[in-house]
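S.K.: The following comprises the amino acid sequence and a computationally predicted model.
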Amino acid sequence: MPPFAFRAPARILTGSGAALEAGAAMQATGARHVLVVSDPFILAGHAARAVVATLADAGLQVTMFDRVDGEPTVRLVDEAYAAAVQAGVDGVIGLGGGSAMDVAKAAAILAKHGGPLARFEGADRVPPGRLPLACIATTAGTGSEATRYLIVTDEARDRKMLVSTWECLPDVAVADPALTRYVPTRAAVAAGIDAFTHALEAYVSRRAQPLTDGLALNAIRRIVPALPRVVADPSDDLAREAMSMGALEAGIAFANASVALVHGMARPLGARFGIAHGMANAVLLPIVCGWSWPAAPARYRDIGAAMGAIATQGDTPADAGARNTVAAIVRLCEAIGVPTMAGLGIPADAYAAAIPAMAIDALASGSPANNPRVPLADDLERLYRAAYFGGTEAAVAMAR
Ligand SMILES: [Fe+2]
């Protein structure tokens with residue numbers, strides 16, 4: 001076995017009510033005046049307001065930045081950075097979904113090193129250091145509370161900007177299921193399938209390692225039964241606990257093992273057509289798995305076993321198991337009501353015209369190189385075409 005390195009946030013708070021301890025955990029990092037980056041919808045809820053109140057109770061001075069609504073942008077990052085500098089904060093807390101957490105990460109880095117964010121685009125381009133950082137997840141999905149990534153839309157270039165660095169890994173990660181109760185159904189579907197995709201891609205990634213394998217399969221075991229239950233009944237506490245823990249495990253797994261082709265293709269789709277990140281993954285997931293499994297059939301069979309779709313892992317030949325996994329992924333997407341691309345409002349003609357450029361952007365992100373089956377630009381164009389015009393039948397047919 002080759003040597004591996006593995007990292008996770010220094011403090012990880014989980015379970016119902018965990019977020020109420022975030023202030024004390026931030027105090028322990030040395031922070032005294034924090035910028036809370038959040039969104040107005042989240043802050044309208046009692047649970048999030050209670051979290052903010054406990055920050056003051058813990059002795060922290062609090063400056064609010066509550067303008068994150070929708071996908072994060074370079075403009076929002078600039079505004080949050082300016083707010084951090086103007087207030088003179090010495091710590092940053094992201095309270096929300098992936099958008100708020102990613103803007104918080106950027107503000108903590110820029111407050112230390114200066115802007116613009118674009119100079120840090122890519123892998124490992126941030127110098128050491130940033131303000132102390134806590135991320136409190138209010139959706140069970142992105143796992144951003146435990147990752148080394150931030151992704152924001154660069155409006156000027158019509159694409160997603162990925163900053164990948166351990167400086168994005170928070171000091172304090174909070175996955176509190178009590179905060180996920182009031183997430184709208186469509187957002188819960190998108191977030192949940194994003195978490196599932198993180199676990200799947202961490203497990204099949206060429207950069208997977210023993211520690212990430214265990215976390216990824218555990219995440220799949222939790223997420224697959226819980227996700228349809230949360231979508232059907234957001235008050236199902238046990239299912240929300242499973243989703244919260246599963247999303248966190250998946251986040252730690254892919255922070256160390258990386259994501260792969262689904263994410264590589266989803267980013268250009270999201271950037272060009274304004275599709276929520278999780279939904280962009282969801283509409284690509286079956287077709288990409290159907291195309292990828294022949295390069296690592298045993299890995300895809302393991303995923304099916306963790307999903308509960310294959311009775312006994314050892315008794316199922318790898319190829320047959322991998323095909324069952326693809327079929328199970330299609331069923332999971334149907335069970336939680338993932339729409340088609342047309343159903344998401346993506347116009348067929350504009351999509352077809354964008355395919356070559358999306359293929360180039362996907363390759364440039366680097367994520368496809370982590371996939372067990374590594375695509376060329378031609379492959380990416382075919383996969384984009386099949387994902388829209390072939391439907392789920394194409395994924396199942398590909399898996400045969
Ligand atoms: Fe993701």
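M.R.: Done, it's in.
S.K.: Quick check: the most centrally placed residue in the chain vs residue 389, distance?
M.R.: Residue closest to the mean C-alpha point of the chain, counted by CA atoms, centre = their mean, is residue 142 at 2.7 Å. Per CB to CB, to the nearest Å, residue 142 is found 29 Å from residue 389. In this view, the C-beta of every residue, glycine as well, is placed from N, C-alpha and C.
S.K.: Quick one: end-to-end distance for stretch 50-69.
M.R.: 20 Å (CA to CA, to the nearest Å).
S.K.: Stretch 30-42 too?
M.R.: This stretch, stretch 30-42, spans 27 Å end to end (CA to CA).
S.K.: ditto for stretch 202-219
M.R.: For stretch 202-219, the end-to-end distance is 11 Å (CA to CA).
S.K.: before we move on, what about stretch 257-265?
M.R.: Stretch 257-265 end-to-end distance (CA to CA) = 18 Å.
S.K.: can you pull out the helices in the stretch 101-250 of the chain?
M.R.: Using DSSP state H, counting those that start in this stretch, the helices of the stretch 101-250 of the chain run over 185-204, 210-232, 237-257.
S.K.: got a markdown table for those helices, with mean neighbour count and distance to residue 295 too?
M.R.: Output for these, formatted as a markdown table (neighbours: other CB atoms under 10 Å; distance: least, CB to CB, whole Å):
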| stretch | mean neighbour count | distance to residue 295 |
| --- | --- | --- |
| helix 185-204 | 27 | 9 |
| helix 210-232 | 21 | 17 |
| helix 237-257 | 26 | 16 |
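S.K.: Same list (those) but as a markdown table, adding distance to residue 333 and mean pLDDT.
M.R.: As requested, those are arranged in a markdown table below (distance: least, CB to CB, whole Å; pLDDT from 0 to 100):
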| stretch | distance to residue 333 | mean pLDDT |
| --- | --- | --- |
| helix 185-204 | 7 | 96 |
| helix 210-232 | 10 | 97 |
| helix 237-257 | 16 | 98 |
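S.K.: closest to residue 316 out of those?
M.R.: helix 210-232 (15.6 Å; CB to CB).
S.K.: Figure out how far the closest one is from the centre of its chain.
M.R.: Offset of helix 210-232 from its chain centre (CA atoms, centre = their mean, to the nearest Å): 14 Å.
S.K.: so which of the helices of the stretch 101-250 of the chain gets nearest residue 120?
M.R.: Smallest distance to residue 120 across the helices of the stretch 101-250 of the chain (CB to CB): 17.2 Å, for helix 237-257.
S.K.: Mind giving me the packing neighbours of the closest one?
M.R.: Of the remaining helices and strands, those touching helix 237-257 by 3 or more CB pairs under 8 Å, 6 or more residues apart in numbering; DSSP states H and E are strand 11-14, strand 133-137, strand 172-175, helix 185-204, helix 210-232.
S.K.: The third one pairs with which strands, parallel or anti?
M.R.: When you say that, I think you mean strand 172-175. strand 11-14 (parallel), strand 133-137 (parallel) (DSSP bridges).
S.K.: who touches the residue nearest to the centre of the chain in this structure?
M.R.: Counting by CB atoms under 8 Å, 6 or more residues apart in numbering, residue 142 touches 97-98, 101, 191, 194-195, 247, 251, 277-278.
S.K.: repeat for residue 167
M.R.: Residues in contact with residue 167 (CB under 8 Å, 6+ apart) are 109, 126, 128-130, 148.
S.K.: pLDDT score for it?
M.R.: On the pLDDT scale, residue 167 is placed at 98.
S.K.: Skipping adjacent residues, who's closest to it in space?
M.R.: Closest residue in space to residue 167, ignoring its immediate chain neighbours: residue 126 at 4.5 Å, by CB to CB, 6 or more residues apart in numbering.
S.K.: now do residue 39
M.R.: Spatial nearest neighbour of residue 39, excluding adjacent residues (CB to CB, 6+ apart): residue 68 at 4.4 Å.
S.K.: Restricting to C-alpha, output stretch 147-163 in CSV.
M.R.: C-alpha atoms of stretch 147-163 as CSV (Å, rounded to 0.1, in the frame of the first residue of the first chain):
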residue,chain,number,x,y,z
THR,A,147,-13.9,20.1,2.7
ARG,A,148,-10.9,21.9,1.2
TYR,A,149,-12.9,23.5,-1.5
LEU,A,150,-14.8,26.6,-2.3
ILE,A,151,-16.7,27.1,-5.5
VAL,A,152,-18.2,30.4,-6.7
THR,A,153,-19.7,31.5,-9.9
ASP,A,154,-17.5,34.0,-11.8
GLU,A,155,-20.2,36.0,-13.5
ALA,A,156,-17.7,37.8,-15.8
ARG,A,157,-16.5,34.5,-17.3
ASP,A,158,-19.8,32.5,-17.1
ARG,A,159,-18.1,29.6,-15.2
LYS,A,160,-17.5,28.2,-11.8
MET,A,161,-14.3,29.1,-10.0
LEU,A,162,-12.8,26.3,-7.9
VAL,A,163,-10.3,27.1,-5.1
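S.K.: now what about it, what contacts it?
M.R.: 7, 71-77, 98, 102-103, 105-106, 109, 117-118, 120-122, 125-126, 144, 164-169, 251-252, 254-255, 267-268, 270-272, 277, 361, 365.
S.K.: hmm, which of those residues are the buried ones?
M.R.: Among the contacts of stretch 147-163, the ones that count as buried by 16 or more other CB atoms under 10 Å are 71-74, 76-77, 98, 102-103, 105-106, 109, 117, 120, 126, 144, 164-165, 167-169, 251-252, 254-255, 267-268, 270-272, 277, 361, 365.
S.K.: Identify those among the residues you listed that sit within strands.
M.R.: The strands, defined by DSSP state E, take in residue 164 from the buried ones among the contacts of stretch 147-163.
S.K.: With adjacent residues omitted, what lies nearest to residue 23?
M.R.: Spatial nearest neighbour of residue 23, excluding adjacent residues (CB to CB, 6+ apart): residue 58 at 2.9 Å.
S.K.: I'd like the contacts of residue 167 laid out as JSON lines, including pLDDT.
M.R.: As requested, the contacts of residue 167 are exported to JSON lines (pLDDT from 0 to 100):
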{"residue": "109", "pLDDT": "98"}
{"residue": "126", "pLDDT": "98"}
{"residue": "128", "pLDDT": "98"}
{"residue": "129", "pLDDT": "98"}
{"residue": "130", "pLDDT": "98"}
{"residue": "148", "pLDDT": "97"}
